[in-house]
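# pasting the sequence and the predicted coordinates here, then a few questions.
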Amino acid sequence: MTTEPDDVTATRLAYDTVAEDYADLLRDDLAGSEYDRAMLGVFSEQVRRDGGGLVGDLGCGPGRIAGHLAGLGMDVVGVDLSPRMVDVARRDHPGVRFEVGSMADLPFRDAELAGALAWYAVIHTPEERQGELYAEFARVVRPGGRLLLAFQVGEDVVHLTHAYGHDLDLHTRRQRPERVRDRLREAGFALRAEFIRQPVGPEKSPQSYVLAQRV
């Protein structure tokens, strides 16, 4: 029996704890971010142009991105480590399928997905295991399929002990774009576009969006 890494257990517990308040806080966030909507629109258009198919929202949280993609006409399924987040997602987006699962061991067959996105979802995985995530993404995305990432830019690790109105124990890791590009290439993706914007409002670091294609 494989022992789950401590950081995975801590991440699940943290998001189970904050699920309701997290969903409430971010419920209308996309409406105020034209950059987010633009990148999701480009991703959706590329998947449709390539023939369409199932898209995985990996680390979907309360389902707000999956719900938005479904509204754009995408066939989408959300996967999240936190059972409570999945409960909230199913309640708030009853027309979308959601499953409990780990990004390190996704519940999809090889090459099953036409596209996948990890929207601020790789940020809780330690540096030394992030390559494994990209390899798993490459396993489930078909050749020619698309991958969209969003993450905070930087090198520091932030330890959250209180967030969304709750005490918790959660580490978030900002990412170096050049290292993300290297990992994508090593996993079997080709970079197609990269966009970095400056912080807005309460954000403390630049935000990066990366579009890649499975080769």
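All right, it came through fine. Residues are numbered from 1 along each chain as shown.

# strands along this structure, start to end?
In the chain, the segments counted as strands under DSSP state E are 54-58, 75-80, 97-100, 113-119, 141-152, 157-163, 166-173, 189-197, 207-214.

# adding distance to Gly131, write the ones you listed out as TSV.
All C-beta spots, glycine's among them, are computed from the backbone N, C-alpha and C. As requested, those are exported to TSV (distance: least, C-beta to C-beta, whole Å):
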stretch	distance to Gly131
strand 54-58	15
strand 75-80	19
strand 97-100	24
strand 113-119	14
strand 141-152	14
strand 157-163	17
strand 166-173	14
strand 189-197	12
strand 207-214	14
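
# format the ones you listed as JSON lines; extra columns: mean pLDDT, distance to Val42 and mean neighbour count.
Written out in JSON lines, the entries for these read as follows (pLDDT from 0 to 100; distance: least, C-beta to C-beta, whole Å; neighbours: other C-beta atoms under 10 Å):
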{"stretch": "strand 54-58", "mean pLDDT": "98", "distance to Val42": "13", "mean neighbour count": "26"}
{"stretch": "strand 75-80", "mean pLDDT": "98", "distance to Val42": "16", "mean neighbour count": "24"}
{"stretch": "strand 97-100", "mean pLDDT": "98", "distance to Val42": "24", "mean neighbour count": "18"}
{"stretch": "strand 113-119", "mean pLDDT": "98", "distance to Val42": "11", "mean neighbour count": "25"}
{"stretch": "strand 141-152", "mean pLDDT": "98", "distance to Val42": "8", "mean neighbour count": "22"}
{"stretch": "strand 157-163", "mean pLDDT": "93", "distance to Val42": "29", "mean neighbour count": "12"}
{"stretch": "strand 166-173", "mean pLDDT": "93", "distance to Val42": "25", "mean neighbour count": "16"}
{"stretch": "strand 189-197", "mean pLDDT": "97", "distance to Val42": "7", "mean neighbour count": "15"}
{"stretch": "strand 207-214", "mean pLDDT": "98", "distance to Val42": "7", "mean neighbour count": "22"}
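
# burial count for Gly67?
The number of residues packed near Gly67 is 21, by other C-beta atoms under 10 Å.

# residue contacts, it?
Neighbouring residues of Gly67 by C-beta atoms under 8 Å, 6 or more residues apart in numbering: Asp92, His93, Val96.

# tell me how far Val122 lies from Gly201.
Applying C-beta to C-beta, to the nearest Å, the value for Val122 to Gly201 is 23 Å.

# settle it for me: which of the two has more neighbours?
For Val122 versus Gly201, neighbours defined as other C-beta under 10 Å are more numerous around Val122 (22 against 6).

# contacting residues for that one?
The contact partners of Val122, taken as C-beta under 8 Å, 6+ apart, are Gly59, Met103, Gln130, Leu133, Leu149, Phe151, Gln175.

# and Asp110, by the same measure?
Neighbour list for Asp110: Arg139, Val140 [criterion: C-beta under 8 Å, 6+ apart].
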